[in-house]
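A.B. asks: what's the 3D shape of this:
(chains A and B)
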Amino acid sequence: MPIALYNTLTRKVEPFTPVTPGRVRMYTCGLTVYDYGHIGNFRTFVGVDILQRFLQSQGLALDTVMNITDVDDKMIARSNEAGRPLAEYAATYTAAFLEDMASLRILPAQHIVRATDCIPDMVAWIDRLVAAGCAYERDGSVYFRLSSFPAYGRLSGKDIAGLQAGARVDVDEYEKEEARDFVLWKAARPNEPTWPSPWGPGRPGWHIECSVMAEKLLGPTLDLHCGGTDLVFPHHENEIAQVEPLTGVPFVNCWIHMEFLLVNGEKMSKRLGNFFTVRDLTDKGYRPSAIRYLLASVPYRRQLNFTLEGLDQASASLLRLRNFLDRLRNADLPPSGDPNPAIATAREAMLASLADNLNTAEALGAIFELVRTSNIALDRGTLATADREAILETFRQFDEIFQVLTPDEASSEGISDAEVNALMEERAAARAARDFKKADALRQQLESHGILIEDVKNAPARWRRK
RNA sequence: GGCGCGGUAGCCAAGUGGUAAGGCAGAGGUCUGCAAAACCUCUAUUCGUGAGUUCGAUUCUCACCCGCGCCUCCA
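C.D. replies: Reported below is the predicted structural model:
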């Protein structure tokens, strides 16, 4: 199936064709681990995950890299405040980040690279940039010479001349040739961890880390480079400038940028303090799968205004899908030869929507339509075993990408299956004796533990965890 | 100011030059001991506003209004 993706560089949805047929090299800008990630951060990573899983479902092999920024101004400030060594401080939040990613069922990149693991590579690359005349040293720091790279500004659509005026540039701390030049290597300052370099001790700038890791592991030309939309400028613009002068080929064929998560109509950010972490929400009793569903349900190029109400709606939608699957799996069906062709049509529609720049909302529409028509067929008794297999296969393909159908691990404070079954039997006995008062009390009791009961005709009642 | 995203029912949201997918919530009904789940019916004569192009526009063009973002901290 032909895949089309929106490319920030061309500002168009265009056919996606990897450089090497059947193989996709993609890089994602990860997190600066100075604190827990918030769900705005994770919206980007869920979006990337949907993209990755979809590409895989289309038979493409992936080579994936994500960086973790574990040294920068904020990291240093925070670790100093906490009175903990930078590496130790970073390790704490790196671990938390990976845990949160896993709880949201985001496939880890094959290479998760810490900035501090690649500093010699960065130094070497900066050295080459200096040698090529694209960078220069001043007082132990190294800057990129923007005037050496005329293509600068193409990705973000910026007019470099406009940047020159430099109204917002701090020129007090470092001596640059031009205000718009950006830093590649920062000279050592007091109370900062440092690494050796030809320009003296210091540390890398933020932008160079992604360039070097991406080029080293996936270069010279990547198929996809993903990140939040706020990274377009200057981060990704700088990445291009840092790489292309030395490789002479396009750094990235297709740039993918995920739109923001908003809260009350404003960007969710640590600076504004209006953020929720995954932990905040699970503490309120929300399930990671519902968070993932919400983040995935709005197409990635649309801003998504986050509300708890929206999360409730997502939970309810998800419950409908799971209820349907339970019902389908447990149904007594007549055998038949061929499945209803409408099921295959729904599957095609779901995949076609995703192939069209990851239109997840439309893909979900196709799935819910299949749910409704299948429920009707179940009611009428016209759904047969072959249909069930076809529907389950469609859902398998759907969930291979969306990853929301498997129930979350039950919380530890819940009651055990054995206890539930005992209460269920007690309730069944009460119902048989037409002691509905007792039966209802037992149902109430189970509900308080998050257990939902469904009475079934001519069969034992079913239950499941909410 | 420059660049970008968006304004579709109470909420979330898809979509197309030919007459509005889907989900959530709500109302009534079927089923049930009662529920739950499911199904049925109802819930936008209308897609920010105005003008234009067209036989016909929510979909194209222009103008305007409103929200959000980026413009060297930022997913």
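
A.B. asks: distance-wise, check A:E259 relative to RNA strand B.
C.D. replies: Distance, A:E259 to RNA strand B, by Cβ to the nearest atom of the strand, to the nearest Å: 5 Å. In short, each C-beta sits where N, CA and C put it, glycine included.

A.B. asks: so A:G157 lies in a helix, does it not?
C.D. replies: No - going by DSSP: H, G, I helix; E, B strand; the rest coil, the assignment for A:G157 is coil, not a helix.

A.B. asks: number of nearby residues for the residue nearest to it when sequence neighbours are not counted?
C.D. replies: The shortest distance from A:G157 to any non-neighbouring residue, by Cβ to Cβ, 6 or more residues apart in numbering, is to A:R11 (7.9 Å). A:R11: 9 surrounding residues under other Cβ atoms under 10 Å.

A.B. asks: now A:D73
C.D. replies: For A:D73, the tally of surrounding residues (other Cβ under 10 Å) stands at 13.

A.B. asks: do the same with A:N323
C.D. replies: 15.

A.B. asks: what do you get for A:E209?
C.D. replies: A:E209, neighbours per other Cβ under 10 Å, totals 27.

A.B. asks: one more: A:T229?
C.D. replies: Neighbours of A:T229 using other Cβ under 10 Å come to 17.

A.B. asks: how about A:P245?
C.D. replies: 19.

A.B. asks: repeat that for A:A439.
C.D. replies: 21.

A.B. asks: and A:V420, by the same measure?
C.D. replies: 18.

A.B. asks: can you pull the contacts of it?
C.D. replies: If a contact means Cβ atoms under 8 Å, 6 or more residues apart in numbering, then A:V420 has A:446, A:449, A:451, A:463 as its contacts.

A.B. asks: give the contact list for the third one.
C.D. replies: Meaning A:I451. The contact partners of A:I451, by Cβ under 8 Å, 6+ apart, come to A:415, A:420, A:463-466.

A.B. asks: go again using 10 Å as the cut-off
C.D. replies: A:414-415, A:417, A:419-420, A:423-424, A:443, A:445, A:463-466 (Cβ atoms under 10 Å, 6 or more residues apart in numbering).

A.B. asks: do the first one as well
C.D. replies: A:L446 makes contact with A:415, A:419-420, A:423-424, A:427, A:452-453, A:463 under the criterion Cβ under 10 Å, 6+ apart.

A.B. asks: could you rerun that using 8 Å?
C.D. replies: Contacts of A:L446 (Cβ under 8 Å, 6+ apart): A:420, A:423-424, A:427, A:453, A:463.

A.B. asks: can you tell me the residue of chain A closest to RNA strand B?
C.D. replies: Nearest residue of chain A to RNA strand B, counting by Cβ to the nearest atom of the strand: A:G228, 1.6 Å away.

A.B. asks: what are the phi and psi values for that residue?
C.D. replies: phi -70, psi 160 (degrees, to the nearest 10).

A.B. asks: so it touches A:T28, yeah?
C.D. replies: No - A:G228 is beyond contact range of A:T28, at 10.0 Å (criterion: Cβ atoms under 8 Å).

A.B. asks: between these two, what contacts are shared?
C.D. replies: Shared contacts of A:G228 and A:T28 (Cβ under 8 Å, 6+ apart): A:T44.

A.B. asks: neighbour count: these two, which is higher?
C.D. replies: Using other Cβ under 10 Å as the criterion, A:G228 and A:T28 rank with A:T28 on top: 26 against 20.

A.B. asks: per-residue pLDDT, the more buried one?
C.D. replies: Note on A:T28: pLDDT of 97.

A.B. asks: separation between it and A:P196?
C.D. replies: 30 Å (Cβ to Cβ, to the nearest Å).

A.B. asks: also A:T360?
C.D. replies: The value you get for A:T360 to A:P196, if Cβ to Cβ is used, is 47 Å.

A.B. asks: between those two, tell me which one has more neighbours.
C.D. replies: Applying other Cβ under 10 Å to A:T360 and A:P196 shows that A:T360 carries more neighbours, namely 24 against 11.

A.B. asks: pull out the buried residues from the helix or strand hosting A:L423.
C.D. replies: Here A:L423 sits within helix A:417-432, counting by DSSP states H and E. Of all the residues in helix A:417-432, those buried under the rule 16 or more other Cβ atoms under 10 Å are A:420, A:423-424, A:427, A:430-431.

A.B. asks: A:A344 belongs to a strand?
C.D. replies: No - if the criterion is three-state DSSP, then A:A344 is helix and not within a strand.

A.B. asks: ok, it - contacts?
C.D. replies: A:390, A:394.

A.B. asks: that older thread, restrict the contacts of A:L446 to contacts with RNA strand B.
C.D. replies: A:I453 (Cβ under 7 Å from any atom of the strand).

A.B. asks: tabulate the contacts of A:L446 (a markdown table), appending pLDDT.
C.D. replies: What follows is the contacts of A:L446, written out as a markdown table (pLDDT from 0 to 100):
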| residue | pLDDT |
| --- | --- |
| A:V420 | 92 |
| A:L423 | 94 |
| A:M424 | 94 |
| A:R427 | 95 |
| A:I453 | 89 |
| A:W463 | 88 |
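
A.B. asks: circling back to that earlier point, just give me the closest of the contacts of A:V420 to A:A96.
C.D. replies: A:H449 (29.2 Å; Cβ to Cβ).

A.B. asks: ok, for the residue of chain A closest to RNA strand B, nearest residue in space, not its chain neighbours?
C.D. replies: In space, A:G228 is closest to A:T44, 4.7 Å off (Cβ to Cβ, 6+ apart).

A.B. asks: longest helix in chain A, please.
C.D. replies: The longest helix of chain A (DSSP state H) is helix A:308-330.

A.B. asks: against which helices or strands is that one packed?
C.D. replies: helix A:288-297, helix A:360-380, helix A:385-402, strand A:459-465 (3 or more Cβ pairs under 8 Å, 6 or more residues apart in numbering; DSSP states H and E).

A.B. asks: swap in 7 Å and give it another go.
C.D. replies: When contacts are defined as 3 or more Cβ pairs under 7 Å, 6 or more residues apart in numbering; DSSP states H and E, helix A:308-330 packs onto helix A:288-297, helix A:360-380, helix A:385-402.

A.B. asks: in that helix, which residues are buried?
C.D. replies: Neighbour-count burial for helix A:308-330 flags A:311, A:314-315, A:317-318, A:321, A:324-325, A:327-328 (criterion: 16+ other Cβ under 10 Å).

A.B. asks: ditto for stretch A:84-102
C.D. replies: A:86, A:89-90, A:93-94, A:96-98, A:100-101.

A.B. asks: how far does that stretch sit from the chain's center?
C.D. replies: Here stretch A:84-102 is found 18 Å from its chain centre; the criterion is Cα atoms, centre = their mean, to the nearest Å.

A.B. asks: stretch A:63-74 too?
C.D. replies: In terms of Cα atoms, centre = their mean, the centre of stretch A:63-74 is found 15 Å from the chain centre.

A.B. asks: over to stretch A:320-336?
C.D. replies: 31 Å.

A.B. asks: what do you get for stretch A:11-20?
C.D. replies: Counting by Cα atoms, centre = their mean, stretch A:11-20 comes out at 21 Å from the chain centroid.
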